[in-house]
Every structure is written in C-alpha cells, then in structure tokens.
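A.B. asks: Need the 3D shape of this:
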Amino acid sequence: MMFPLAVVAFVIVGVAVAQTTLPNQRPSYDKRTFHSAAIDNLISTLQPLFRDANLGTLFANCLPNTLDTTVYSYTANPEATAPENLDSFVITGDIDALWLRDSMNQLLPYAPYSSEDSGLQYLFEGLINRHAKSVLIDPFANAFNFNASGAGHQSDQRTPPMTRSVFEGKYEIDSLAAFLKLSYWYQRFNPDALLRFGDSRWLSAVDTLLSTVETMQKDTGASANAPYKFRRETTEALDTLSMQGRGPPAHPNGLTRSLFRPSDDAVTLPYNVPGNAMMCVELTHLGDMLAAVRRRGGVAAKTFDRDQLDDLIAKTQRVQSALCSALLTFTTATRPASQDAAVVPFEVDGFGGAYYMDDANIPSLLSLPVLGYMSRDHPNYRATRDFVLSAQNPFFFAGTAAQGVGGPHVGFNYSWPMAIAMRAMTATSTDEIQSCLQLLATTTAGTGLMHESFNVNNANDFTRSWFAWANGVFGEFLLQVLHTQPELLVEADAVPTVRRVVKPTVSWLAQREALVR
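C.D. replies: Okay, the predicted model is just below:
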C-alpha cells in the first residue's frame, strides 16, 4: 500500500503564533498513512493526564507523526505474505526518500509496544527487509528511492556510481549502524522475530556491511582507486568532498573512515567519533544476534550452514575488536594529572589531529549515552557534555529566545530541537529537564510540532516544518520522562496509570547498558 505525499501535506500548515493552546496536528483517521492500535491507545490514555495541556498536545502530535504521515508504502496483506517479502518504505517527511538513519530513528520509539501490535511487527519487519535490500544495493549510500525511481542526486560523480535506486550517495557510517540498530532493538522486544527476518538476505547484508566497515578501516584516501569517492557541483562547501573527491586523508588506526556526518555534511577529519561509537555498540549487538541465529536456527539455517555463520561471527568479532579498541584511545584518555577528565573529540585523523565541536544530529557527542556507548556518569562524558553545551563549542548558539546545539548544515544561530531533547535525555538534574521541556514547548512557532531547527533569537523563523525524525525524538523524550520521573508531567494520582502503560524506552535501556562505564 502506498500513500502519496499530497495525502498528508496538510499537516505542515502553520498556526498563528498568538494562540496560547497548541493545535491538534494529527490527520483524520482515514488520512493517516498507518494505524497502530497500541500507539493510539497509549496516546488516548496518556494525553489527558499531562499537567500541561500543551505538552499533552505535543505528545499526541509528535509521537505518532511517523505513522500518521510518513509510511509511504507497506505490505497491504501481511498475514498472507512470506516474511522475506514484507516491505515498508518510510520517508523523512518533506523529502520523498528513505534515509537509513532517519527511518530507523522514526520507528524506534514504537519498538517497546510492537509486541502487542501485529501491525507494528509487520511494519518493522518490512523496514528491516528494506534496509537489508538497500545495504546490498549500495552500502555507501545514505538515502534510497522507492521502486528505483531515479529521483535525487543522479548527477553526482561517485565511486561506486549512482544508480536509480539511490537518492543520495553520501557515505555516513551511522547509516550502516542504523540497519543493525533497527534489527537489534526490534528483536529485543520480539525475540522470535530474528528467526523470521534473520534470513540469508539479512546475513548477506550484514556481511556486506562488515566488509565495507573493514575496507574503510584500511582506507587512507590516498589511492586514486579509493573505494569511495564523491563529487557534486554545488555552492555548499560541505556538500562535496575535497582531495579530488576522496576526502581528507587518514592514518589507519582501527577506526573506520566516514566521509559525511549524520547531518549529511562533509567531515573535517575522516574519523567521526560519534559515528564510530554508534558502530561499536551495534557491532556488539550484532555479535549477540549472530550467536542467537547460530543457536536457534530459523530461516537462515536453510541457506547458511554453521561454518558460514562461524565465519561471519569471526568477522564481526575482528572488525568490532579493532574499532572499539581504537575508539577507547579517544574516548577514555585523560588530560594531565591536574585534571581528572578529558573532552572527547568530534573527529580525528589518525595523525594526531583532532577537531573539537559537536553537531545537533544524532549520533553526536551529546548522545553518547543514548547510543549505548558511554555512561552519562563517566567523567569524560560529563566533561564533554559541559563543553558541548558551552560557548567553547562553535555550534552552540544562545540568543534571546533560546539556546542549544546547531551545526553547519543550517548555519549560525539555529538550534535543533532534537539536540535540546537529547540534552534533557542525558540530564541528571530535574531543573535541566524541566527547562528543556519548557523550551521545546514554547518554540514550535505555534504549530504543535517539532522542526528541524529554529532561530535562537526568533523561534518563528524555523526550517523544515515536516520533519518526522525530530518529532519522534521528542516523543521518545517524553516517554522517557514518563517512565523515569512521571511526577514531572502528571499529578500524583495519575502516576500509577502512567507506570502501568509506559514501557522503558530504547533511549533509557541503552543508557543503562552503556559499554563504557
């Protein structure tokens, strides 16, 4: 089943800023691109309980935004469809293409509730299949077209060359990690699902992913026959790569080279630390999934014998060990004896160079605990977080309306709501969480939805009014608060109801299980 964009375009119409009560922005039931009884029931139970009616409206608008407006296609009769033929295509919102990173983040807040909703299960398994197919089509691409439409940046000069299936071919390590993360957390809540989606295609995609990561661990960028090159005719410096399309040079050290950031901007130095941290976590998760496939069999056992699985497990361990060990050099080092912690760099080059900044897009340094990489109590994370949320970070902007992390993608003085939500999700202070709640609730320009970014001096000046990823992050943030500190959002007599219906979020579970403590 496919929904054209015109069906849901009305949800992005602005509402007068003067209104004191935020509007309901959910499409009518018959205009929604996907229906989930579990999520609808969750919203109908929780929205009336919010002490602040505007936060309740934001929760009801933002959490289901992906389901309501961006499920472009899904299998219409899933019960009668073989698991390997399930397919889901989830667009970003205002761009008619699937980003691996965005689509994973858009669906992930629903994962804890998928076990009680067969429709959600089919949607997840269809998206996992779509991710696997996409990785096999082009492991260096970040965004894909529906049905090889040929849309997007087909004129880019690139190795490997563009194809009609690829919307954009920027190599971002977090795109590959997103495929693994989607697979891991979905099967975490639905253990038998691995027996269905963990088939020969999924295992082949995993093998391709590992080969790509390992190739880029060895790549220096110096060869004229580099495995990845990218050039675009553009007026934006960060939309193309330097050095004849090869990007900045690298000295191999175990990290994997990635030439674009999760913002889709070109890197300054070739080893992006948050991206490598995300891959470290997901390779660890992959080891667990492959062990389960080997132990439990399932559809993969019909086409992959034990020797093949053992080879794939060994390959995972080899790549994971080299990457994670190298990463510790940059994340757990300490400064001179007079200081007990060090700021983690955003990018490094292996030659000794390091670039200190942070970007709003996830994975970021601010998000290291939510990625499941580093405990929010680790001294180096605390030092890094203080740096990120200060004027020392060149992309932390403070103005008369707000303050927060932005990035070069939009430019000076634009803060991103997803970074404000990430600040709150990693906060240890109730006052900081409440401050972020207030800031997010009052900077939607009256629309009742999150945006890509807004001007810290004028929240009515914003970018991308239909950006489902940001809405999903905000929805998950509220669910995390409801799970951990419900009294911040509801009255005492409503707390038992909240505790009954709200499940631990992926963001919270990942923080509790952080690799580096």
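A.B. asks: Assumed Gly56 was part of a helix.
C.D. replies: Yes: applying DSSP: H, G, I helix; E, B strand; the rest coil, one finds Gly56 inside a helix.
A.B. asks: Report the contact partners of it.
C.D. replies: Leu46, Gln47, Pro48, Leu49, Phe50 (CB atoms under 8 Å, 6 or more residues apart in numbering). In short, each C-beta sits where N, CA and C put it, glycine included.
A.B. asks: Could you give the number of residues near the last one?
C.D. replies: Other residues lying near Phe50 total 20 when counted by other CB atoms under 10 Å.
A.B. asks: In contact with it: list those residues for me.
C.D. replies: Contacts of Phe50 by CB under 8 Å, 6+ apart are Gly56, Phe59, Leu489, Val490.
A.B. asks: Filter those down to the ones in helices?
C.D. replies: Within the contacts of Phe50, residues falling in helices by DSSP state H are Gly56, Phe59.
A.B. asks: Out of the contacts of Phe50, the closest to Ala360 would be?
C.D. replies: Phe59 (21.5 Å; CB to CB).
A.B. asks: what's around that closest one, how many residues?
C.D. replies: 24.
A.B. asks: Check the one 3 residues further on too.
C.D. replies: By the criterion of other CB under 10 Å, Cys62 has 29 neighbours.
A.B. asks: Okay, the closest residue to Ala266 other than its chain neighbours and Trp202: tell me how far apart.
C.D. replies: Counting by CB to CB, 6 or more residues apart in numbering, Ala266 lies nearest to Leu238, which is 4.6 Å off, once chain neighbours are set aside. Using CB to CB, to the nearest Å, Leu238 is found at 33 Å from Trp202.
A.B. asks: who's more crowded, the two?
C.D. replies: Remark: of Leu238 and Trp202, Trp202 carries more neighbours, 27 against 17, as counted by other CB under 10 Å.
A.B. asks: coming back round to it: contacting residues for the residue nearest to Ala266?
C.D. replies: By CB under 8 Å, 6+ apart, the contact set of Leu238 is Asp265, Ala266, Pro408, His409.
A.B. asks: Kindly recompute the last result at 6 Å.
C.D. replies: Under the criterion of CB atoms under 6 Å, 6 or more residues apart in numbering, the contact list for Leu238 reads Asp265, Ala266, Pro408.
A.B. asks: again, but for Gly152
C.D. replies: Phe167, Glu168.
A.B. asks: So which bits of stretch 288-296 are buried?
C.D. replies: Met289, Leu290, Ala292, Val293, Arg294 (16 or more other CB atoms under 10 Å).
A.B. asks: Kindly report the same for stretch 119-134.
C.D. replies: Neighbour-count burial for stretch 119-134 flags 119-132, 134 (criterion: 16+ other CB under 10 Å).
A.B. asks: Distance-wise, check the residue nearest to Leu123 when sequence neighbours are not counted relative to Gly350.
C.D. replies: With CB to CB, 6+ apart as the criterion, Leu123 has its nearest non-adjacent residue at 5.2 Å, and that residue is Ser88. From Ser88 across to Gly350, the span is 38 Å (CB to CB).
A.B. asks: One more: Arg246?
C.D. replies: 15 Å.
A.B. asks: cool, Gly245 as well?
C.D. replies: The value you get for Gly245 to Gly350, if CB to CB is used, is 20 Å.
A.B. asks: what does Tyr171 give?
C.D. replies: Following CB to CB, the distance that separates Tyr171 from Gly350 is 17 Å.
A.B. asks: got the residue ranges for the strands in the stretch 101-250 of the chain?
C.D. replies: 143-144, 157-159, 166-168, 229-231 (DSSP state E, counting those that start in this stretch).
A.B. asks: chain center to stretch 272-289, what's the gap?
C.D. replies: Relative to its parent chain, stretch 272-289 has a centroid offset of 13 Å by CA atoms, centre = their mean, to the nearest Å.
A.B. asks: Could you give me the buried positions within it?
C.D. replies: Buried residues in stretch 272-289, counted by 16+ other CB under 10 Å: 272-286, 289.
A.B. asks: Which single one of those is nearest to Gln511?
C.D. replies: Gln511 lies nearest to Val281 out of the buried residues of stretch 272-289, by CB to CB, at 11.5 Å.
A.B. asks: Arg246 and Gly350: which has the busier surroundings?
C.D. replies: For Arg246 versus Gly350, neighbours defined as other CB under 10 Å are more numerous around Arg246 (24 against 18).
A.B. asks: Now render the buried residues of stretch 288-296 as JSON lines, adding secondary structure.
C.D. replies: Output for the buried residues of stretch 288-296, formatted as JSON lines (three-state DSSP):
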{"residue": "Met289", "secondary structure": "helix"}
{"residue": "Leu290", "secondary structure": "helix"}
{"residue": "Ala292", "secondary structure": "helix"}
{"residue": "Val293", "secondary structure": "helix"}
{"residue": "Arg294", "secondary structure": "helix"}
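A.B. asks: pLDDT check: weakest of those residues?
C.D. replies: The member of these with the lowest pLDDT is Arg294, at 89.
A.B. asks: Could I get the contacting residues of Tyr110?
C.D. replies: So Tyr110 contacts Leu120 (CB under 6 Å, 6+ apart).
A.B. asks: Take the buried residues of stretch 119-134 and keep only those in helices.
C.D. replies: Per DSSP H, the subset of those in helices is 119-132, 134.
A.B. asks: Tell me the one of those nearest Ser28?
C.D. replies: Gly119 (18.7 Å).
A.B. asks: Please, where are all the helices along the stretch 301-450 of the chain?
C.D. replies: Remark: helices assigned in the stretch 301-450 of the chain by DSSP state H, counting those that start in this stretch are 306-331, 379-388, 417-425, 430-441.
A.B. asks: show me where pLDDT drops low in this structure?
C.D. replies: Low-confidence segments of the chain (pLDDT under 70): 1-20, 298-303, 334-340.
A.B. asks: What strands flank the longest strand along it, and is each parallel or antiparallel?
C.D. replies: In the chain, ranked by residue count with DSSP state E as the criterion, the top strand is strand 458-463. Neighbouring strands of strand 458-463 in its sheet, by DSSP bridges, are strand 453-455 (antiparallel).
A.B. asks: Pull the residues that contact the partner strand.
C.D. replies: By CB under 6 Å, 6+ apart, the list of residues contacting strand 453-455 from outside reads Val410, Asn413, Tyr414, Trp416, Thr443, Asp461, Phe462, Thr463.
A.B. asks: Among those, which one has the most neighbours?
C.D. replies: So for those (other CB under 10 Å), the most neighbours sit at Trp416, 31 neighbours.
A.B. asks: Excluding covalently adjacent residues, which one is nearest to it?
C.D. replies: Trp416 sits nearest to Ala360 (CB to CB, 6+ apart), 3.4 Å away.
A.B. asks: Then Asn457?
C.D. replies: Gly399 is the one closest to Asn457 (CB to CB, 6+ apart), at 3.9 Å.
A.B. asks: ok so, going back, farthest pair in the contacts of strand 453-455?
C.D. replies: Val410 and Thr443 (14.7 Å).
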